[in-house]
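> with the sequence up front, the predicted model follows.
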Amino acid sequence: MAIKKLSEVEISSAIAQLAGWAVVDHKLQKNFKFRDFVEAFGFISKVAIVADKMGHHPELFNVYNKVKIDLTTHDADGISALDFELAQKIDKLL
Ligand SMILES: C[C@H](O)[C@H](O)[C@H]1CNC2=NC(N)=NC(=O)C2=N1
């Protein structure tokens, strides 16, 4: 597979360009909080559309008004540039 896993140095410099994202258990993670379940699920739906268009899929976790997103690239066995591209697109949905 062509997509490559980023090095720790590459991840540190890319993460510095983002707000609220951190590496947790080798995945790019961010926690979001909304007014209620409907707002949270609306956000999840938008994320799903953007992700599927990219052909790159997040791990989505929802409890009522909270959403946790983990990004990793299975094909690269780690965090790749695709995860940062998706993170930026997700932040633009807010
Ligand atoms: C064949 C298909 O395009 C690939 O398996 C894609 C689909 N979505 C994916 N999503 C994520 N997060 N990582 C992948 O490696 C990945 N691979």
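Looks like it arrived, so ask away. Numbering: from 1, shown residues only.
> what residues does the protein have near the ligand?
By the rule C-beta under 6 Å from any ligand atom, the part of the chain lying against the ligand is 55-57, 72-75. All C-beta atoms are positioned from the backbone trio N, CA, C, and that covers glycine.
> avg pLDDT for stretch 44-55?
Averaged across stretch 44-55, the pLDDT comes to 98.
> following the lengthiest helix in the chain, which helix or strand comes up?
When the chain is parsed with DSSP state H, its longest helix is helix 37-54. Using DSSP states H and E, the helix or strand that directly follows helix 37-54 along the chain is strand 59-63.
> so how far is that following strand off the chain centroid?
From the chain centre to the centre of strand 59-63 is a distance of 11 Å (C-alpha atoms, centre = their mean, to the nearest Å).
> and that strand, what's its mean pLDDT?
Here strand 59-63 scores 98 as its mean pLDDT.
> now swap in stretch 77-92 and tell me
pLDDT averaged over stretch 77-92 gives 98.
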